[in-house]
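In: got a sequence here, can you model it:
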Amino acid sequence: MNILVVGAGAWGTALAVNACTRHSVTLWARQPAHVMAMLAARENAAYLPGIALPIQLSLSDQTDLAQLAGQHDLLVIATPMSGLRASLQVLSDQTAPVVWLCKGFEQALGATSVASGPTIGLLGHEVMHSVAPNVLGGVLSGPSFAQEVAHNAPTAVVAASPHAAVTQALVEAFHSDHLRVYANADWAGVEVGGAVKNVLAIATGLCDGLSLGLNARAALITRGLREMSRLGVALGGHTETFMGLSGLGDLVLTATGDLSRNRQVGVGLAQGLSLEAVLAKLGHVAEGVYSARTVVSRAQALGVDMPIASAVVDLLDGHITPRAAVVKLMQREPTAEV
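Out: Model prediction:
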């Protein structure tokens, strides 16, 4: 199989490295200087340092991305959520499956409804329907730190699409002795899980940064999963999806794993750093910061209660201190668990 990975960040590079021993893989980067550096060092020092790029992995900065894409059997968009729309527009006429790795909601673009344009921010498949409706689309998601995948650590992910041909292509491309790929037709549920867990990981990082204890962490993860499920079902997802890899699995990893950038945002804020200082220290995108406001906006538009996510937005916007966010959550009126 000929695979094109669009975007040479950590996750795109890790998947390209993982697949290039079994398939013909090209890793495309927008900046020629980035490609030159990777060619010279056979390493993506900017995003995935310490991982050798196999000699059989091709690297490209070809200007005409659509032409390059036409030579491949599977197209993988590995940009942040903010780059998905532009990438789908470029690839909108491709006949090969087009899948994306980013997790989150697109930020609102200023319209007043999903029908007239993204106002409250769209999930990846909603963006696709907006700008590339004829594409055979899908998403690869689940609990997967790029560093561990690149080191061939055992990992399981989910390939989601309503098109069986797309999930089959993803399984063929990436399933291996080290990486298990499960198929799921519920891409709405899978995408909500991937988006909301990033926001909840900020809350859990805050909890741990304040040394609130393991009881508090467990409560946040469990109640956060409930918030994720409520929003996901309201957006067309299936309840059982949120008990799977892209829901509970990714939430546990991102909320507790020290490699999680979103968790590190919460820890940094708890330590008294400004959001700007935390993000500068990270040096990479933390999708939960990008998507938090949109998650809450979509929830409010649907009448879905998400107190933890709302507290994270208040914190990111500087309306509340870390300690006050905890007090606000704990002083809510008693309610039924479900």
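In: who are the packing partners of the strand or helix carrying A33?
Out: Under the criterion of DSSP states H and E, A33 resides in helix 32-41. Packing contacts for helix 32-41, counted by 3 or more Cβ pairs under 8 Å, 6 or more residues apart in numbering; DSSP states H and E, involve strand 58-60. Placement of C-beta: from N, CA and C, glycine included.
In: just checking: what are the partner strands of the strand it packs on?
Out: Next to strand 58-60 in the sheet, as set by DSSP bridges, lie strand 24-28 (parallel).
In: ok now the partner strand, how far from the chain's centre?
Out: Between the centre of strand 24-28 and the centre of its chain there are 21 Å (Cα atoms, centre = their mean, to the nearest Å).
In: what's the helix holding A33 in contact with?
Out: Under the contact criterion Cβ atoms under 8 Å, 6 or more residues apart in numbering, helix 32-41 has outside partners A8, L27, A29, N44, A45, A46, L53, L59, S60, D61.
In: apply 6 Å and report the result again.
Out: Here helix 32-41 makes contact (Cβ atoms under 6 Å, 6 or more residues apart in numbering) with A29, N44, L59, D61.
In: tell me the contacts of L4?
Out: L4 is in contact with T26, A69, H72, L75, counting by Cβ under 6 Å, 6+ apart.
In: check what pLDDT it gets.
Out: pLDDT recorded at L4 is 98.
In: try T256
Out: Note for T256: predicted pLDDT of 96.
In: what strand or helix carries the residue nearest to A159 when sequence neighbours are not counted?
Out: Once flanking residues are discounted, A159 sits nearest to L170: 3.6 Å by Cβ to Cβ, 6 or more residues apart in numbering. Take DSSP H and E as the rule and L170 turns out to sit in helix 164-174.
In: roughly how far out does that helix sit from the chain middle?
Out: Its chain's C-alpha centre and that of helix 164-174 lie 19 Å apart, by Cα atoms, centre = their mean.
In: partner strands of whichever helix or strand comes after it, parallel or antiparallel?
Out: Using DSSP H and E, the helix or strand that follows helix 164-174 towards the C-terminus is strand 179-184. If you go by DSSP bridges, strand 179-184 pairs up with strand 155-160 (parallel).
In: pull the residues that contact the partner strand.
Out: With contacts defined as Cβ under 6 Å, 6+ apart, strand 155-160 is touched by 139-142, 144, 149, 167, 170, 179-184, 187, 190, 245-246.
In: farthest pair within the contacts of helix 32-41?
Out: Within the contacts of helix 32-41, two members stand farthest from each other by Cβ to Cβ: N44 and D61, at 13.4 Å.
In: neighbour count for these two, which is higher?
Out: Taking other Cβ atoms under 10 Å, N44 and D61 do not tie; N44 has more neighbours (27 against 18).
In: can you pull the phi/psi pair for the more buried one?
Out: Phi and psi for N44, reported as degrees, to the nearest 10, are phi -100, psi 80.
In: just the element for the spatially closest residue to it that is not a sequence neighbour, please.
Out: Leaving aside its chain neighbours, N44 sits nearest to T13 (4.7 Å; criterion: Cβ to Cβ, 6+ apart). According to DSSP H and E, T13 maps onto helix 10-19.
In: now do the same for W11: its pLDDT.
Out: W11 carries a pLDDT value of 96.
In: so what's it up against?
Out: A78, L101, A146.
In: pLDDT weak spots in the stretch 151-300 of the chain?
Out: By pLDDT under 70, the stretch 151-300 of the chain has no low-scoring segment.
In: same thing but 80
Out: Along the stretch 151-300 of the chain, the model assigns pLDDT under 80 to residues 284-285.
In: the nearest residue to L179 once chain neighbours are set aside: how many residues sit nearby?
Out: Nearest non-adjacent residue to L179, counting by Cβ to Cβ, 6+ apart: T155, 5.2 Å away. Neighbour count of T155, defined by other Cβ under 10 Å: 22.
In: how about R261?
Out: Per other Cβ under 10 Å, the neighbour tally for R261 reads 22.
In: mind listing the helices for the stretch 101-250 of the chain?
Out: In the stretch 101-250 of the chain, the helices defined using DSSP state H, counting those that start in this stretch lie at 124-131, 146-150, 164-174, 187-209, 214-234, 250-256.
In: rewinding a little: next, the buried residues of the helix holding L170.
Out: Going by neighbour count (16 or more other Cβ atoms under 10 Å), the buried part of helix 164-174 is V166, T167, A169, L170, E172, A173, F174.
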